[in-house]
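Colleague: the following block contains a protein sequence and its predicted model.
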Amino acid sequence: MGLRDRVRRLIQRPGTIDLAPMLATVADAGTREARVRGLSDAELTAAATALRDMRPADLAELCALGREAARRALGERPFDVQLLGMLGMLSGHVVEMATGEGKTLAGALAAAGYALRGKRVHVMSVNDYLARRDAQWMEPIYTLLGVSVGSVGQTSTPQERRLAYAADVAYAPVSEIGFDLLRDRLCTDVGDQVLPPPEVALIDEADSVLIDEARVPLVLAGATESYESDPAYAEMVRLLVPGVHYEVDDERRNVQLTSAGARAVEGTLGGVDLYDAEHVETLTGVNVALHAHVLLRKDVDYIIRDGKVRLINESRGRVALLQRWPDGLQAAVEAKEALAPSESGEILDSITVQSLVRGYPAVCGMTGTALAVAEQLREFYELEVAVIPPNVPCVREDAPDRLYATVADKEAALVEHIAATHADGRPILVGTLDIAESERLARRLERAGMSCVVLNAKNDAAEAAIIALAGTYGSITVSTQIAGRGTDIRLGGPAGRGGTDGAGDPHARVASLGGLYVIGTGRHHSSRLDDQLRGRAGRQGDPGGSVFFTSLEDDLIKQYAADEEPDAPSDVEGLISDANASWVVGHAQRVAEGVDLEIHRNTWRYSRLVELQRREVLAERDEILRGDAADGFLARQSPERHAELRAAVGKHTLEGAARQIVLYHLDRCWAEHLAYLADLREGIHLRSLARGLNPLDEFHREAVPAYKRLLGQARSRATESFGGLTATDGTLDLDGAGLQRASATWTYLVHDNPFGSMDERALKALVGMLRRRKGR
């Protein structure tokens, strides 16, 4: 350990977990390897099972047994660094392991370790494919260790989910676990629930799940009429002229009508006054249509597939299954694209990914880029980062960014650079920022006589096969954001080292050319995404290289450093060599990361109160669901009516009916409370700023009394419904008492408004104000 690491640990900087005790455990495991290798399969399973009763657990024995199980089941002997990763997770940390270092196996051994301690583990993945693949891939290891495993996906039935979650280790996308939790919260019979109480969450791609998607609400909705946006609004805004009828802010997060634009719209609508109180809904419809038309770009923010709008996950570059914008904006985009409106509905309950994860008593995870968000992991989850060294030192050569004056200059130079590199047969992986860019680059390469394979949200079903071939001789792969693709890129292709492609060892052939060459077509808003792209080259000590092409016209700079653009000279090809100019790119990225962090903090400040309220409601609901509290309450409120119905239908039937009545009204009042809080939060900023008050304080000032009324309202309504029950032939008519629940429910993730919530707009306005002051 170097002096810098010692100093960082002394001042308790994140990412400085002491690995010395774990290294000693791994060394101890090494001394047991020969003995464990001599065990039969049955003896190995028995030895692992014996660990369930051992307190404290013998971690060295666990490492030795896990290593041998992996060697037998997969033909892969885990490296010491993989055992370090396993121990880091068993210690409750997020471990940072570079791409290609074997995180999947380390995670499986850690999950088995928790299971052998008697804990039920949910391995949270980022999508169905990885959850299913990893569960099947690692199952032979679990079997040898006497640990059961299952997996859950979008198409899993309730019974399949129940069986998977009952296993010692269950692999599932984080969204599916969240949706199952929401559905369980509305069950009116304990037997219908699928999730056991949470114990351990082990999170793959932990930075993506815990930071990038932490504020994404998972929603359970009940059927209502479809929300339709007037197609006339979409056609109207299509005719407006930018700069004349509307203006877009520097960050492309907001757009608003100018006076001329307002007059044009009012004229089209027959001379109405848009800003008159009676036309508030019309103004809202026009503004939402304008946002959809100007700020949301097809093949960048969304694609059209199977006649539906499919959102693109910015941090993963693939279709965000089940994600949608809030109903009004979703409908406006559908109207813009002349598509049928999708279902909308009343939100019955919701939970953010952050709140879901914080519900687990023990949390750990793994990723290739944890250190960059170590402060946030500590702040929001009380998690520490353990940085695991690579098995073989990384020798990848990362070249400085190439900065150009314009996008046109950048793209021309990019194609020339690809052509020069491709001429030798060196495999190239090009990471683009969006679908439109990936397809534009592919066309330019085709015109230049170079064929390439494109991987983006439009063909993500083939991603594993495409990525697996990205390291073959002469290949050019163009891909949107590469994180979470879940497949290693081996030099020479899947055959890798020692294989043959008719020209000798394919690995050695590609290695002699410098290995995989990664080219980024621009910086992402987060440096972690850049690092994830770079990390695809140079795995396991292989040679490799990377370079990023950027321009002063890139969205990142225009949005976050527009006032910092340097007046730097460029050469005949548009290349800028000035050091100060290169600094601007990093500055813009840091500003973007700072803005995202503040938005995350602000969202968490609001959601903490809601989570406390939800926790109390759920505690009361669980008491009602699992006992006779509802029957006792209604008996005290209406003793005569209770006695009358109990002769009429019997004790058991009446208890069940009482439970249904109280649960129905508790759920209804909670859904109404959520709707109230959503409206309150959206409008609280303007009201607070006008009175010079703190918006968060004002939100709490109104949200707390509203919540205190919730339980009383639910009980009052339940008492009223109970009084209206009628008994016929020994049964009670609950539907006749007005207790019909939603005829259909469905789940989805709410994508943030791309032009920002009121929080984000206020923060952006502050940033803009500070920039203007600095400019003066």
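Modeller: Arrived safely, thanks for sending.

Colleague: please count neighbours and contacts with C-alpha atoms only from this point.
Modeller: Fine.

Colleague: so where's the stretch 201-350 of the chain uncertain?
Modeller: Counting by pLDDT under 70, the stretch 201-350 of the chain shows low-confidence ranges at 223-229, 250-251, 253, 277, 313-318, 320-323, 326-327, 343-345.

Colleague: hmm, 90 instead?
Modeller: Scanning the stretch 201-350 of the chain for pLDDT under 90 picks out 212-235, 247-259, 262, 266, 268-289, 291-292, 295-303, 305-336, 338-348.

Colleague: residue ranges for the strands of it, please.
Modeller: For the stretch 201-350 of the chain, the strands defined by DSSP state E, counting those that start in this stretch occupy 217-223, 246-248, 255-257, 302-305, 308-313, 318-319, 323-324, 345-352.

Colleague: columns distance to residue 16 on top of those, output as CSV?
Modeller: Output for these, formatted as CSV (distance: least, Cα to Cα, whole Å):
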stretch, distance to residue 16
strand 217-223, 32
strand 246-248, 44
strand 255-257, 44
strand 302-305, 40
strand 308-313, 32
strand 318-319, 34
strand 323-324, 37
strand 345-352, 29
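
Colleague: which one of these lies nearest to residue 369?
Modeller: strand 308-313 (18.3 Å; Cα to Cα).

Colleague: now that closest one: buried residues?
Modeller: Neighbour-count burial for strand 308-313 flags 309, 310, 311, 312, 313 (criterion: 16 or more other Cα atoms under 10 Å).

Colleague: next: stretch 378-386.
Modeller: Buried residues in stretch 378-386, counted by 16+ other Cα under 10 Å: 380, 383, 384, 385, 386.

Colleague: end to end, how far does it reach?
Modeller: For stretch 378-386, the first and last residues are 12 Å from each other (Cα to Cα, to the nearest Å).

Colleague: count of neighbours near residue 38?
Modeller: For residue 38, the neighbour count with other Cα atoms under 10 Å is 11.

Colleague: need the pLDDT of it.
Modeller: Note for residue 38: predicted pLDDT of 97.

Colleague: can you pull the contacts of it?
Modeller: By Cα atoms under 8 Å, 6 or more residues apart in numbering, the contact list for residue 38 is empty.

Colleague: where does the stretch 401-550 of the chain have low pLDDT?
Modeller: Ranges of the stretch 401-550 of the chain meeting pLDDT under 90: 433-436, 438-439, 454-469, 479-489, 493-505, 540.

Colleague: show me where it has its strands.
Modeller: Along the stretch 401-550 of the chain, counting by DSSP E, counting those that start in this stretch, strands occupy 402-404, 428-431, 453-455, 476-479, 516-520, 544-551.

Colleague: following the longest one, which helix or strand shows up next?
Modeller: Pointing back at strand 544-551 there. Counting by DSSP states H and E, the element after strand 544-551 in chain order, helix or strand, is helix 555-560.

Colleague: the residue positioned nearest the centre of the chain - nearest residue in space that isn't next to it in sequence?
Modeller: With the centre of the chain defined as its mean C-alpha position, the nearest residue by Cα atoms, centre = their mean is residue 213, 3.3 Å away. Counting by Cα to Cα, 6 or more residues apart in numbering, residue 213 lies nearest to residue 353, which is 6.7 Å off, once chain neighbours are set aside.

Colleague: what is the burial count for that neighbour?
Modeller: By other Cα under 10 Å, 23 other residues sit near residue 353.

Colleague: same deal with residue 192?
Modeller: That count, for residue 192 with other Cα under 10 Å as the rule, works out to 14.

Colleague: for residue 665, list the residues it contacts.
Modeller: 714, 715, 717, 718.

Colleague: my guess is the last one contacts residue 659. True?
Modeller: No: counting by Cα atoms under 8 Å, residue 659 is not a contact partner of residue 718; they are 9.8 Å apart.

Colleague: which residues of the stretch 301-450 of the chain fall in helices?
Modeller: Remark: helices assigned in the stretch 301-450 of the chain by DSSP state H, counting those that start in this stretch are 327-336, 353-358, 374-381, 407-422, 435-447.

Colleague: which one of those helices lies closest to residue 588?
Modeller: helix 407-422 (16.6 Å).

Colleague: what does stretch 106-117 contact?
Modeller: For stretch 106-117, the external contacting residues (Cα under 8 Å, 6+ apart) are 48-49, 51-53, 57, 62, 66, 82-83, 85-87, 89-90, 120-121, 123, 138, 142, 145, 147, 168-169, 200, 202, 204, 365-366.

Colleague: buried subset of those?
Modeller: 48-49, 51-52, 62, 66, 82-83, 85-87, 89-90, 120-121, 123, 138, 142, 145, 147, 168-169, 200, 202, 204, 365-366.

Colleague: now residue 270: how far from residue 263?
Modeller: If you go by Cα to Cα, the gap between residue 270 and residue 263 works out to 11 Å.
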